[in-house]
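Enquirer: Here is my input; please provide its structure:
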Amino acid sequence: GPWRKPFARHDPGKILTDLALSLATGGDAVSDVDRLRNQPEVYGLVASDPTISRLVKVLSTVKPAQALAVVNEARAKARAHVWAHAGEDSPLHGVSAENPLTIDIDASLLNSHSEKEDARPTWKKGFGFHPLCSFVDHGIRGTGEPLVTLLRPGNAGSNTAADHIQVVRDSLKQLPEGYRVGRKIMIRTDSAGGTHDFLNWLTARHRNFSYSVGFTITDAVAKMLPLIPKTGWTRAYDSDGFERDGAWVADITGMLDLAAWPKGMRVIVRKEVPHVGAQLRITDIDGHRYTAIATNQKKGQLAVLEVRHRLRARCEDRIRNAKDTGFANLPFKSFAANELWCHVVMLAAEIMAWTQMVAFTGTKARRWEPKKLRARLFEIGGRIVSHARRTTLHLASTAPDVQLLIKGMKRLAALSPP
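Expert: Just a heads-up that it's a prediction; the model follows:
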């Protein structure tokens, strides 16, 4: 409301939603909104490119922090509404200390091919940005959805505790009330999150989150590896919960001095036969590759806790999917405008994730990535026909997944609107 001019034809919220829809259906830039503008029967009145540009300029210059706060508040309300409708398919279903809701945190590099505000050299000798993102993991039956994208200059550190804390704070605001503290929430990161400040913040008494983070194999840890007895190793599991050949795990918490770390922290080491082409590190011994994680989870087999951490790799899939949805190329010169763009990308990813959660649960489309969703469902040919005061959508009957699309549309039509 505060950003809408008197007598304006286009509502700012509708404009941002149209931008998100254009990205969800395959767009990559602001101008791709014309794919919606050319179909007013479906999308209604869509703003022109100059109108969109003016709105982006206003939102990124007139109280930009307040504008992003309003967008995030709307996202949180929509998320709670969708999760309530999803029922047993909601990420909150069956959440407990033993089966926590998992929030993955990971960073990625975005290259910039022009002089954008706050673009800096990156540690990979590129030039651009180094955003830090968080996602809710839907588990093996689904995909995931974004919570926060913290846009940072390209020279931002990978293990900056203050940035990790800020991302967790903002992520919790996206969750429904009652799911913002306690062991039923697990924060999962790579070794960039394995810092004293970050773990101390997570385990503070009034937060008490579960965590599972990568743990660097220091000299002190490396010295303990040859001392682990053969009986201390147990078989590791694969992602389906079956024993994996050539991989073992062991708990070495009692062999380390962890007095400087949060109370209750456990260190679990994994060794495996390296895959073809893998290069061993100086800390690897006996021809095996070693990795370690730190966690405060008390219950569960070692192999279960370790494979739960390795499933963090799905976060990298979420980032890759976001880059296929407009995240790869930030379109504006202004840093604040590109922050707004990151929120539009999150909206687009959420629209797809929520559609899969509510409309396609129990089907093969529940785990499809954006490119496949577009090719198999979103781009099915159709024609709108008006006759006798009725509007009918005719879909191409020869499309391979047209019946799946119809099934999903019926599920959505049965829901009450927000």
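
Enquirer: mean confidence for the lengthiest helix in the chain?
Expert: When every helix of the chain is counted residue by residue (DSSP state H), the longest turns out to be helix 335-359. Taken as a whole, helix 335-359 has an average pLDDT of 96.

Enquirer: Check stretch 278-289 too.
Expert: When the per-residue pLDDT values of stretch 278-289 are averaged, the result is 81.

Enquirer: what sits up against that stretch?
Expert: Judged by C-beta atoms under 8 Å, 6 or more residues apart in numbering, the contacts made with stretch 278-289 from elsewhere in the structure are Ile217, Val221, Ala222, Leu225, Pro226, Lys271, Glu272, Val273, Pro274, Tyr290. In this view, the C-beta of every residue, glycine as well, is placed from N, C-alpha and C.

Enquirer: Next: stretch 43-55.
Expert: Residues outside stretch 43-55 that contact it (C-beta under 8 Å, 6+ apart) are 3, 9-10, 12, 14-16, 18-19, 21, 30-31, 33-34, 36-37, 40.

Enquirer: ok, now stretch 317-336?
Expert: Contact partners of stretch 317-336, identified using C-beta under 8 Å, 6+ apart, comprise 23-24, 27-30, 56, 60-61, 64, 104, 106, 108, 110, 112, 114-118, 129, 133, 135, 143-144, 146, 149, 151, 338, 341-342, 344-346, 348-349, 352, 369-371.

Enquirer: go again using 6 Å as the cut-off
Expert: Residues external to stretch 317-336 that are found in contact with it (C-beta atoms under 6 Å, 6 or more residues apart in numbering): 23, 28-30, 60, 64, 108, 116-118, 135, 144, 338, 341, 345, 348-349, 369-371.

Enquirer: Buried ones among the residues you listed?
Expert: By the neighbour-count criterion of 16 or more other C-beta atoms under 10 Å, the contacts of stretch 317-336 include these buried positions: 23, 28, 30, 60, 64, 108, 116, 118, 135, 144, 338, 341, 345, 348-349, 370.

Enquirer: about what we covered before: select from the contacts of stretch 278-289 every entry located in strands.
Expert: Counted as lying in strands by DSSP state E, out of the contacts of stretch 278-289, are Lys271, Glu272, Tyr290.

Enquirer: what about stretch 58-78, average pLDDT?
Expert: Model confidence over stretch 58-78 averages 95 on the pLDDT scale.

Enquirer: on contacts alone, who are the packing partners of the helix or strand hosting Ser212?
Expert: Element membership of Ser212 [criterion: DSSP states H and E] is strand 210-214. Contacts of strand 210-214 with other secondary structure elements, assessed using 3 or more C-beta pairs under 6 Å, 6 or more residues apart in numbering; DSSP states H and E, are made with strand 185-189, strand 289-295.

Enquirer: winner for burial among the ones you listed?
Expert: Among the helices and strands packed on strand 210-214, strand 185-189 has the highest mean neighbour count (mean count of other C-beta atoms under 10 Å), at a mean of 26.

Enquirer: Which helix or strand lies directly C-terminal to that one?
Expert: Moving toward the C-terminus from strand 185-189, the first helix or strand encountered (DSSP H and E) is helix 196-202.

Enquirer: Counting by contacts, list what that next one packs against.
Expert: helix 161-173.

Enquirer: I'd like the helices and strands packed on strand 210-214 written out as TSV, with distance to Asp324 added.
Expert: Converted to TSV, those look like this (distance: least, C-beta to C-beta, whole Å):
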stretch	distance to Asp324
strand 185-189	23
strand 289-295	29
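
Enquirer: Please identify which of these is closest to Ala313.
Expert: For those, the distance to Ala313 is smallest for strand 185-189, at 10.5 Å, taking C-beta to C-beta.

Enquirer: Give me the residues contacting that closest one.
Expert: 100-105, 202, 209-213, 312.

Enquirer: Just name the shakiest helix or strand of the protein by mean pLDDT.
Expert: Lowest mean confidence among the helices and strands of the chain (mean pLDDT, DSSP states H and E): helix 40-43, at a mean of 87.

Enquirer: quick one: which two of the contacts of strand 185-189 are the most distant?
Expert: Across the contacts of strand 185-189, the two members that end up farthest from each other (C-beta to C-beta) are Leu101 and Val213, 16.6 Å apart.

Enquirer: Tell me which of those two has more neighbours.
Expert: Remark: of Leu101 and Val213, Val213 carries more neighbours, 25 against 20, as counted by other C-beta atoms under 10 Å.

Enquirer: Run a quick check on that one versus Ala192, I expect a contact.
Expert: No. Using C-beta atoms under 6 Å, Val213 is not in contact with Ala192; the gap is 8.4 Å.

Enquirer: What distance do you get for the closest residue in space to Glu306 that isn't next to it in sequence to Glu272?
Expert: The spatially closest residue to Glu306, leaving aside those adjacent along the chain, is Val249, at 4.8 Å (C-beta to C-beta, 6 or more residues apart in numbering). Counting by C-beta to C-beta, to the nearest Å, the separation of Val249 from Glu272 is 9 Å.

Enquirer: quick one, which of these two is more surrounded?
Expert: Using other C-beta under 10 Å, the more surrounded residue of Val249 and Glu272 is Val249, with 26 against 17.

Enquirer: so what's that one up against?
Expert: Residues in contact with Val249 (C-beta under 6 Å, 6+ apart) are Thr234, Ala236, Ile268, Arg270, Leu302, Ala303, Glu306.

Enquirer: my read is the third one is in a strand, agree?
Expert: Put plainly, it is Ile268. Yes. Secondary structure assignment places Ile268 in a strand (DSSP: H, G, I helix; E, B strand; the rest coil).

Enquirer: is it in a bridge, and if so with what?
Expert: Per DSSP bridges, the residues bridged to Ile268 are Asp251, Ile293.

Enquirer: any idea of the pLDDT on it?
Expert: At Ile268 the predicted local confidence, pLDDT, stands at 97.

Enquirer: and it, how many neighbours?
Expert: Ile268: 22 surrounding residues under other C-beta under 10 Å.

Enquirer: quick one: it from Ala414, how far?
Expert: In this view, Ile268 and Ala414 are 45 Å apart by C-beta to C-beta.

Enquirer: ditto for the last one
Expert: Glu306 sits 41 Å away from Ala414, going by C-beta to C-beta.

Enquirer: neighbour count winner among the two?
Expert: Comparing Glu306 with Ala414 by other C-beta under 10 Å, the one with more neighbours is Glu306, at 26 against 9.

Enquirer: What helix or strand is that one located in?
Expert: helix 302-310.

Enquirer: Which residues are in contact with Trp341?
Expert: Residues in contact with Trp341, defined by C-beta under 6 Å, 6+ apart, are Leu330.

Enquirer: Nice, that's everything, thank you.
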